[in-house]
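Q: I'll drop the sequence and a predicted model, then ask my questions.
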Amino acid sequence: MDIAVENEVANQGRVVFEFFVEANGFAYGKQSQVLMRCSEEERCKLRNLSLGFIYQFHHLLPEFSALENVAMPLLIRRISSTEAYKSAAEVLKQVGLGHRLTHTPGELSGGERQRAAVARALVTRPACVLADEPTGNLDHKTGEMIFDLLTHLQRLHGLTSLLVTHNNSFAQRCDRILKLEGGVLVPG
């Protein structure tokens, strides 16, 4: 996944990303870009405007509330704090955390932290969500709930998603499966 967004450089091939152009802090209008031709500043802007990230570990900032953590990508875009917090609260309600807005990560369960991470990935209305083992640190029941939430929100918001998982049960429920074999993606 790091190669897909040029955090790491591939030794062969190229990454072409179709993305949406910014308007009023949110994505619109499709363009294509070969990432290897982008400057670091352009890649950072592309990641902030068009991608949402969900990792195995939630990576929430411990000193901030769920609301503040979810609003952070919008604040980085210089969206007004009023609008950023309003959007963050709406997405937190969508993931079932409307009643936990003021709680810090230490006050949330593992599943709640991961739902806050999902909300943070979606608050920017990205064209694509990249999810790297988003259920890997969760028990089976909570993992199922997070997977179901991700697929529901993907369809609700019309998102493209790239899910990296070792969980064959989850992989079989995806629209398309690719496997990494010898460093090459092949149909699964």
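A: Structure's in. What do you need? It should be emphasised that the depicted structure is a prediction, and the values quoted were computed from it without experimental measurement. Numbers count the residues shown, from 1 in each chain.
Q: could you use CA atoms for every contact and neighbour count after this?
A: Will do.
Q: what are the buried residues along stretch 130-142?
A: 130-135, 137-138, 142 (16 or more other Cα atoms under 10 Å).
Q: gap between residue 54 and residue 186?
A: 23 Å (Cα to Cα, to the nearest Å).
Q: more neighbours, those two?
A: Neighbour count, other Cα atoms under 10 Å: between residue 54 and residue 186, residue 54 has more, with 24 against 11.
Q: mind putting the buried residues of stretch 130-142 in JSON lines, pLDDT, secondary structure and distance to residue 149 included?
A: What follows is the buried residues of stretch 130-142, written out as JSON lines (pLDDT from 0 to 100; DSSP: H, G, I helix; E, B strand; the rest coil; distance: Cα to Cα, whole Å):
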{"residue": "130", "pLDDT": "85", "secondary structure": "strand", "distance to residue 149": "15"}
{"residue": "131", "pLDDT": "84", "secondary structure": "strand", "distance to residue 149": "13"}
{"residue": "132", "pLDDT": "84", "secondary structure": "strand", "distance to residue 149": "15"}
{"residue": "133", "pLDDT": "82", "secondary structure": "coil", "distance to residue 149": "14"}
{"residue": "134", "pLDDT": "79", "secondary structure": "coil", "distance to residue 149": "11"}
{"residue": "135", "pLDDT": "78", "secondary structure": "coil", "distance to residue 149": "11"}
{"residue": "137", "pLDDT": "77", "secondary structure": "coil", "distance to residue 149": "16"}
{"residue": "138", "pLDDT": "73", "secondary structure": "coil", "distance to residue 149": "14"}
{"residue": "142", "pLDDT": "77", "secondary structure": "helix", "distance to residue 149": "10"}
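Q: now, the most widely separated pair of the residues you listed?
A: 130 and 142 (19.5 Å; Cα to Cα).
Q: what about the helices in this structure?
A: If DSSP state H is used as the criterion, the helices of the chain fall at 40-50, 66-76, 81-94, 110-122, 140-157, 168-172.
Q: mind putting these in CSV, distance to residue 60 included?
A: What follows is the helices of the chain, written out as CSV (distance: least, Cα to Cα, whole Å):
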stretch, distance to residue 60
helix 40-50, 17
helix 66-76, 6
helix 81-94, 14
helix 110-122, 7
helix 140-157, 16
helix 168-172, 24
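Q: most distant residue from the middle of the protein?
A: Most distant residue from the mean C-alpha position of the chain: residue 182, 26.4 Å away (Cα atoms, centre = their mean).
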